[in-house]
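[1] pasting the sequence and the predicted coordinates here, then a few questions.
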Amino acid sequence: MKAGIVVFPGTNRERDMAIALRSVSGRAPKILWHQDTHLPDLDLIVLPGGFSYGDYLRCGAMAAHSPIMHEVRKFAERGGYILGVCNGFQILTETGMLPGALLKNASLRFLSQDCFLRVENAETPFTARWQKDDVFRAPLAHGDGNYVVDEKTLEMLEGEGRVAFRYSASDGVVSPQDRETNPNGSLNAIAGIVSSDGRVCGMMPHPEDLVDSLMGGEDGRPLFESLVEAVVQ
Amino acid sequence: MSSKQKVVDAALARQFGLSGEEYDQVLIIMGRVPNLTELGVFSVMWSEHCSYKSSRKWLRTLPTTAPWVIHGPGENAGVVDIGEGLAAIFKMESHNHPSFIEPYQGAATGVGGILRDVFTMGARPVANLNALRFGSPENPRTRQIVDGVVRGIGGYGNCVGVPTVGGEVNFHPAYDGNPLVNAMTVGVARKDRIFLSAAAGIGNPVVYVGSKTGRDGIHGATMSSAEFDENALAKRPTVQVGDPFVEKLLIEACLELMATDAIIAIQDMGAAGLTSSSVEMAGKGNVGIDLDLDSVPQREPDMTAYEMMLSESQERMLMVLRPDRTEQARAIFEKWELDFAVIGQLTDTGRIVVRHKGAIEADIPLAPLADEAPIYDRPVATLPAPEPIGPVHDPVGLEQALITLISCPDLASRAWIWNQYDSTVGGQTAQRPGGADAAIVRVEDTSIGLALTTDCTPRYCYANPRSGGAQAVAEAWRNITATGATPLAVTDNLNFANPEKPEIMAQFVAAIEGMGEACRVLDFPVVSGNVSLYNETRNPDGSTRAILPTPAIGGLGMLADVEKHVGMAIPRSGVLILIGETKGHLGQSLWLREILGRETGDAPDVDLRAERRNGDFVREQIISGKVAACHDVSDGGILVAVAEMIMAGGEGCELEPPQSGMRPEAYWFGEDQGRYLLAVNSDGQELLHEAGMRGIPSRLMGKIGGGGLTLPSGATISIPRLRAANAAFFPSLMGA
Amino acid sequence: MKVRVIVSLKEGVLDPQGKAINHALHVLEFPEVCEVRTGKVIELDLDEENPQRAAQRAHKMAESLLANQVIEDFIVEIAK
Amino acid sequence: MKVRVIVSLKEGVLDPQGKAINHALHVLEFPEVCEVRTGKVIELDLDEENPQRAAQRAHKMAESLLANQVIEDFIVEIAK
Ligand SMILES: Nc1ncnc2c1ncn2[C@@H]1O[C@H](COP(=O)(O)OP(=O)(O)O)[C@@H](O)[C@H]1O
Ligand SMILES: [Mg+2]
C-alpha cells in the first residue's frame, strides 16, 4: 500500500500514523507537505491528528484552505482512499468532504482516555477486517470531538450505513446520553463516518496509537489491515 | 519607560531589586552611573533567578557526575547516555508566581519554557511531567488555580504534541497564596549532535528566531525572586501569553536546522529574554557581542531598548551561526513561517554593546557581569526538632481508615487531571499515568525504555528537611526501580520560601544535604535543576506565610529492553510479597493527618543502604521475569499500596495477618521507606527464599483473588467500593 | 477601517459553554440571567477607507474562513 | 433585555489566534488585512427591563466571571 501522510503546521500525530502504517503494510508512508501541489502515486492519503494552525479559530479551519487540500479533493474524486483521524476528521468536515462538524466536548475539557468503539458497518474499506458490532478499544485525545450534523443529513448517514463507528461500552452497548461511554457527547454517539462512496473516512479516536501490544494492545490494527486488503483488490 | 527619562540612582536600583552593595558594585564595574537599560541588565542578571546568589554555595555540594553523565548542571539541561549512540536530555523548572497570577498562562508558559530548554540542546522532546502543589481544597481560590493550571499544562503540551506522562499533586494550606507549578521535559538526541550555548567565532552572526518581541512580562525574572504580597494581583504585571503552535513550529525548525552543521551555539530566551541569552552565550564563550535592536522583530511599535532587552516574550531563541550557512538557516525558518533576523555579531571586545536607533543603549563588560555577580553565604539557623507525635490510638478501624485515606486529596485518583493531558501522542507511551510507579516511554525505533517520575513529600521535608530531602530522592529512585528500570540521574526543582530568613535557609541547606547524600549512595547524580525562592505570601498585617519546603525531584531511568518492564496492576493470580522492613512509623503519615487530624512526629527514617539493597534486588527479580507487577509502598503505607494495585488491576487479594507485636494501624498505615509490593504468579516461596538468602526482609502479604480487598478479619471491601471512594475527590472539588 | 465580525452558533445548535456560564452566573447570584449564548469576535483592521467595501470584504472573509456555516452564523459590524 | 459583553485581550497582550487568522487571511488573498484581534462575545438575556440597570449588572458579571482582568478587557453593549 502506497500511503502518504499530510503534515500541516501544527500536525503532531504524523509519526504515530507512520509507525502504524509501516508496521501493518510493511512500507513506510511518504510525508506530504501542506503546500505541495503535486501528489506522488498513492493509494491512501492520511490526514493525521494534531493542532493544525494551533486549532485557532476552529479546529481544522485553516488547514482546510491549504494548497494540498485541493489535490486531496481531486484524489478523492479519482476514487483514492482518504483517512482523517482527529484533527484530520475536523479538516475533512471543514472542507465539506464529510458532512457535519465537531464542536467542543460536552465537558468543555480536553479529553484523553481510552474509549470503546462499536463497528457499525463492516463493509467499508476501513472496517472490512471486523464484523459488524465488534467492539474495540482506542485512545482518544481531543478538545473538540462532539459530532453534530443537521437532522436530514443524520437520517441520510444512518440510512445509508455511513456511520462507521459509534462510542460504546466495552460490551457494545451504545448510550448517547452517557458521558462514561460517549465521552464527548457526540450525536447518536457517532465516532466515525464515511463518504457516500465509502472511500473517505473520518474518525476522532486514534487507532494508530494501539497497534503494538507494548503500548497496551493491537486493537487498532484491523483498520489498517482492512485498508491494505482494499488496496490489493 | 525610556532610558533617557529616569534618573538612575541607588533608590531606583533598589526598586529593581539590587541592594545598596550590589549597586555600588555596579558603579565600580561600569566606572560611571549606568543608564536605565544597563541597570535593567544588571538587575536581571543578578536576580536570584538568574544568578543563584543564595543557593549557589550549596548547589555545589550536590554530586553531579557518573560515567553515564554527558553534561551535568551548567547547560540548559542535563544529558545522560542511554546507549545506542543516544542521550536523554532533561530538566525541571518552576513557574510558581506566574501560575498564581494567571494560572492558565502561567502554567502553559512554564511548559513552553522547559520544552525550549530541552530542544535547544538538540533533543526531540518525548515526554512532559509536572509536579504541582496547591492550597487547601477548602479555599475557593484553589479550585480556580487547579482548573487554570491543569488546562494550561494540557493546552500547551497537547498542542505541541509532547505526551504528558506523569507528575504529582499535593494539597496543603501552606500553598494557599503560593501554588507550585514545576514542569519537567525529557528529550532524546543523538549523542554526537548535542548543542551547547557557548558562543564562538569573532564576526559570526547572532540570529534571532521564533516569535516577535512584545512588552511581555518585563521584569519577570526579578518578580520571581521577590516575595509575594497581597498587591501582586492588583499590580497585574504584563502576563506572558504562550503560543504552543509557534513552539511546535520552532521545535521542528530547530531540529531541521540541527541536522545541518549551521549552528555554533544556541540558547533559548527564557527568563530575562534577550539579556540573559546574549550575556550567557557570549560570557560562556569568552567573546563580546554587539546587538542592533533595530533588527529585532517587534510586535508593538515604539519599543525602547530597555523593553526589548528585558521582554520575556515566549517562543524565541538566539543562535550563533556559521556565516556561510545563514541563508540555508533562513530558508528553514521561513518554511516554518517563523521570524528570522540577524541581530548582531560576536566581537573580541569582551563587552556587550547594544545599539538602538543609532545610539549606544548599553555597553557593559561581560566578565565582571558574570564573575562579580553576588554570591551570598546567608545565615543558617538551627533547625527546630520535629514536634512529638503525641498519643496514638485508632478511633475508626482498618476498613474505615483505608476508605478515608484513598479518598483524601493527596491519595485520591488523579484521573481527572491526567485525562486532560494527551499521554499517548507519539505512540511510544508504554505506561501511562496511573499504570506504574514511573511512566515508561519507549525511545522510537529502539528497544530502550525511559522510566520517568517526579517525587517529593513536603510534609516530611517540613518536619525534617534532611530526611525529607533524602526521601524525595529515594522515592524517585524507588519508583523507577519498581518498573524494572535502572535509575540514572535526577533533575530537581528546589522550591523554598525567603532565604534571607535563617530558619528558611536552614531548611534549604538541610534538604540539599539529605538530597546529596541520597544521590551519592544511590548513584543517582543531579544533572540539572532549578531553584525557586521567596515562595511565601505576605498577609495584609505584614506577616508572611511560607510554603512547605518542597525540593521536587525529577528522576530518569532506563531499560535496555523496554518489554521487560512491569506495571502496578495486580495480576489474575498468585501472591503478593512485601520486600523491605516494616517498623510501623506513623510520624507525619497520612493516616495520622487524615484520621487523627495531626501533622506531628518526625519524618520516616531513610536508610539509604537498605534502600539500595532492596531496590537492586527488586530490579533484578523484575528483569529476570519473575515478577508480574510491582508497586512501591509510600504515602498511606501497605494497605493503601495494596488497594492501589487492586484498583489498577481489577483483581482482589486476601491479606495475611500483620506482624505480631505491632499495632495494626502502625503495621498497615506506617510509612517506613524502602519497601515494595511484588506480585508473582507462583506461591512466592522461591522469591521469599531468595530474599532470605540475601538478608533482605520479605514477607508473604496475601493471596491474589476474591472479590476485593479481604482483611485478615475476613471483611472484604469490594473493588467498586474502593474505586468509587478513590474517584470522588477531584470531580467533586472541580464540579464535574 | 476597523470591522468586527461576530460569529455565533446557529440557533438550535447546543451551546454547552453558554449553559455553563449561565449556571455559574446563577451560583454567583445573578438570578436575572435567563439565557447565555457565546460566540467569537474577530476584529479586523483593514487597509480600506470605504465602510461599505470594508464590510463587504469582511463578509467574504467570514464566508470563506471565519465562520463555519454548517453550525455558525455571523454578522459584520463597522466599528465606530 | 439583551446585553452583549465583548471580552478581548488587553492591548499589548499577545493574541496567538489573531496572528494565525491574519496569516490565513493573507494566504486566502485578503491582503488588506493589517491586524486581527480575537475575543469572545457573551450574549446575555436578562430579566431586567431597564437598559441602564441591565448594563450595570452585565458589567458586574463581566468583572466577577466573564472576563479575566489580568489579561482581558471587556465592554458591555445593549443589544438593539
Ligand atoms: N537545584 C539545582 N540543582 C542542580 N543544578 C541546578 C539547580 N538549579 C539550577 N541548576 C543548573 O543551573 C543552570 C542554570 O539554570 P537556569 O537558570 O534555571 O536555566 P535557564 O537559564 O535555562 O532557565 C542549569 O544548568 C541548571 O541545570
Ligand atoms: Mg535555558
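    That came through, no problem. Ligands and ions are numbered 1, 2, ... in the order given.

[2] chain C contacts on chain A?
    With Cβ under 8 Å from any Cβ of the partner chain as the criterion, chain A comes near chain C at residues A:57-58, A:61-62, A:65, A:93-94, A:99-101, A:103-104, A:106, A:108, A:148-150, A:185. In this view, the C-beta of every residue, glycine as well, is placed from N, C-alpha and C.

[3] can you tell me which of those are buried?
    A:57-58, A:61-62, A:65, A:93-94, A:99-101, A:103-104, A:106, A:148-150, A:185 (16 or more other Cβ atoms under 10 Å in any protein chain shown).

[4] so which of those residues sit within helices?
    Of the positions in these, A:Thr93, A:Glu94 sit in helices, assigned by DSSP state H.

[5] of the residues of chain A next to chain C, which are in range of chain B?
    Counting by Cβ under 8 Å from any Cβ, no member of the residues of chain A next to chain C is near chain B.

[6] for B:Asp216, give me the pLDDT.
    Note for B:Asp216: predicted pLDDT of 87.

[7] distance check, the residue lying closest to B:Val633 once chain neighbours are set aside against chain D.
    Closest residue in space to B:Val633, ignoring its immediate chain neighbours: B:Arg675 at 4.0 Å, by Cβ to Cβ, 6 or more residues apart in numbering or on different chains. According to Cβ to the nearest Cβ, to the nearest Å, B:Arg675 stands 45 Å off from chain D.

[8] B:Arg675 reaches B:Asn614, doesn't it?
    Yes. Contact criterion Cβ atoms under 8 Å: B:Arg675 and B:Asn614 qualify, at 7.3 Å.

[9] hey, what's in contact with both of the two?
    B:Ile579, B:Gly580 (Cβ atoms under 8 Å, 6 or more residues apart in numbering or on different chains).

[10] give me the number of residues near B:Pro540?
    If you count neighbours by other Cβ atoms under 10 Å in any protein chain shown, B:Pro540 ends up with 8.

[11] and C:His59, by the same measure?
    As a measure of burial, C:His59 has 16 neighbours, counting by other Cβ under 10 Å.

[12] equivalent analysis for B:His689, please.
    11.

[13] next: B:Asn495.
    28.

[14] likewise B:Ala271?
    Neighbours around B:Ala271, by other Cβ under 10 Å: 22.

[15] any idea which helix or strand comes after the host helix or strand of B:Ala265?
    Assigned by DSSP states H and E, B:Ala265 falls within strand B:263-268. Going down the chain from strand B:263-268, the next helix or strand is helix B:273-285, by DSSP H and E.

[16] and that next one, what does it pack against?
    On a contact count with 3 or more Cβ pairs under 8 Å, 6 or more residues apart in numbering or on different chains; DSSP states H and E, helix B:273-285 meets helix B:36-45, strand B:263-268, strand B:288-292, helix B:305-310, strand B:316-321, strand B:339-347, strand B:351-356, helix B:366-371.

[17] Serialize those to CSV and add fields for mean neighbour count, distance to chain C and mean pLDDT.
    CSV is the format used below for these (neighbours: other Cβ atoms under 10 Å in any protein chain shown; distance: least, Cβ to the nearest Cβ, whole Å; pLDDT from 0 to 100):
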stretch, mean neighbour count, distance to chain C, mean pLDDT
helix B:36-45, 26, 31, 94
strand B:263-268, 24, 32, 96
strand B:288-292, 22, 29, 98
helix B:305-310, 26, 23, 93
strand B:316-321, 26, 25, 98
strand B:339-347, 20, 20, 98
strand B:351-356, 21, 27, 98
helix B:366-371, 16, 42, 90
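
[18] ok, what's across the strand from A:Met203?
    Beta-bridge partners of A:Met203, counted by DSSP bridges, are A:Val85, A:Gly192.

[19] pLDDT score for residue 95?
    Using chain A. Value for A:Thr95, per-residue pLDDT: 97.

[20] try again with chain B
    96.
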